[in-house]
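[1] sequence? don't have it. structure:
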């Protein structure tokens, strides 16, 4: 997949921008707070409708503007040339346009642009609470399988309605039978089992890839593993029917406690990922370097899975990660990037990037909301650094 052009209007630090990145590696240099990360964020927003950095829409909009507009033209082997636009507003929901026609649903943006983003915030996948790991799963699965997003929306709606009913039962002292709880159990199990089954399938493929990539990045015998900790246990040889029955069985067991507490206690909203390094919990016992490498291995595994499913590499977005990796890990990462399709790499330290990034890349200087190709001073310093090595 190739990003042909990116446009931004009233987005973050960009009042207006029109950018045409090159094929291969695009190196975005510049001081901090000049807008490098914003470019990668814009691409990821157009791929998923979600920011990798912020959950507040107002954070994405330039100063006092009422809204921001993002647009991209991409080319892929499967769909050819596609134009995607995303409107982000302070006081109304996001709106999507595909090839000039308004899309009826926000999730229609999924699958039009495929991108994998890795930045400092991705350490949260390893370090933070289970909600971050569920968010990671949901965003990455939905890119390759937009139908998953529909199951997830339906599950969240059923979950909210069932919680409302459970609170009503708790407050009124009634039991579940005369209040229609059984119908909501069935609805929750139907939607939730589809979510759980797809997550299980995703992790089954990702886990060995992530383990191998971790070993490649470290060049050490350390063992990294990822396991899906499903709140509703996945049955042996799972099918949709078996998963749904397992869900119903668990709901039956916990129902008295649910009515007492007024909250749903079973389902994929309570799932987690368990990550270990040499058998120890990576969240609690991994060093900062090990955790960062684990997060990077997960993202690169996601990249390879998308490449396999799509038949071509997605766009790879690496946000200021080189400075946090040692030389060995940087070299390994760049080997993977060179074998990818289109890659965007940001960094503030030009000299450090020059020692790491191969010369077959396109250099851009980002400054004060402008993106300038082949900035002479940047290219000179890159050439000098390569000459000295």
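    Noted; the coordinates are in hand. Everything numeric here is computed off the predicted structure, so don't read it as measured data. Numbers count the residues shown, from 1 in each chain.
[2] leaving aside the residues next to it on the chain, what's closest to residue 69?
    Leaving aside its chain neighbours, residue 69 sits nearest to residue 9 (4.2 Å; criterion: Cβ to Cβ, 6 or more residues apart in numbering). (Glycine included, C-beta is placed from N, CA and C.)
[3] correct me, but the one you found touches residue 16?
    Yes - in terms of Cβ atoms under 8 Å, residue 9 counts as a neighbour of residue 16; the distance is 5.7 Å.
[4] neighbour-wise, which of the two wins?
    Ranked by neighbour count (other Cβ atoms under 10 Å), residue 9 and residue 16 place residue 9 first, with 17 against 12.
[5] any low-confidence regions in the stretch 101-250 of the chain?
    For the stretch 101-250 of the chain, the stretches flagged by pLDDT under 70 are 175-178.
[6] Which residue ranges of the stretch 1-150 of the chain form helices?
    36-48, 124-127, 130-144, 146-172 (DSSP state H, counting those that start in this stretch).
[7] I'd like the ones you listed written out as CSV, with distance to residue 322 and mean neighbour count added.
    Shown next, in CSV, are the helices of the stretch 1-150 of the chain (distance: least, Cβ to Cβ, whole Å; neighbours: other Cβ atoms under 10 Å):
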stretch, distance to residue 322, mean neighbour count
helix 36-48, 12, 24
helix 124-127, 19, 19
helix 130-144, 22, 20
helix 146-172, 32, 17
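[8] Figure out which of these is closest to residue 271.
    Each of the helices of the stretch 1-150 of the chain has some distance to residue 271 by Cβ to Cβ; the shortest is helix 130-144, at 5.9 Å.
[9] That closest one to helix 146-172, inter-axis angle?
    For helix 130-144 against helix 146-172, the angle by axes from the mean of the first three to the mean of the last three Cα atoms, to 10 degrees is 140 degrees.
[10] got the angle for helix 130-144 vs helix 36-48?
    60 degrees.
[11] who's in contact with helix 130-144?
    By Cβ atoms under 8 Å, 6 or more residues apart in numbering, the residues outside helix 130-144 that reach it are 47-48, 50, 107, 110-111, 114-115, 124-125, 148-149, 152, 198-199, 202-203, 268-273, 298, 302, 305-306, 309-310, 314.
[12] which helix is the longest one in the protein?
    helix 181-218 (DSSP state H).
[13] Could I get the buried residue list for that one?
    181, 184-185, 187-199, 202-203, 206-207, 209-211, 213-214, 217-218 (16 or more other Cβ atoms under 10 Å).
[14] OK, contacts around the closest residue to residue 267 other than its chain neighbours?
    Among residues not flanking residue 267 along the chain, residue 192 sits closest, at 4.7 Å (Cβ to Cβ, 6+ apart). Contacts for residue 192 were tallied using Cβ under 8 Å, 6+ apart; they are 155, 158, 159, 232, 247, 267, 268.
[15] now the first one: how far from residue 306?
    For residue 155, the distance to residue 306 under the criterion Cβ to Cβ, to the nearest Å works out to 23 Å.
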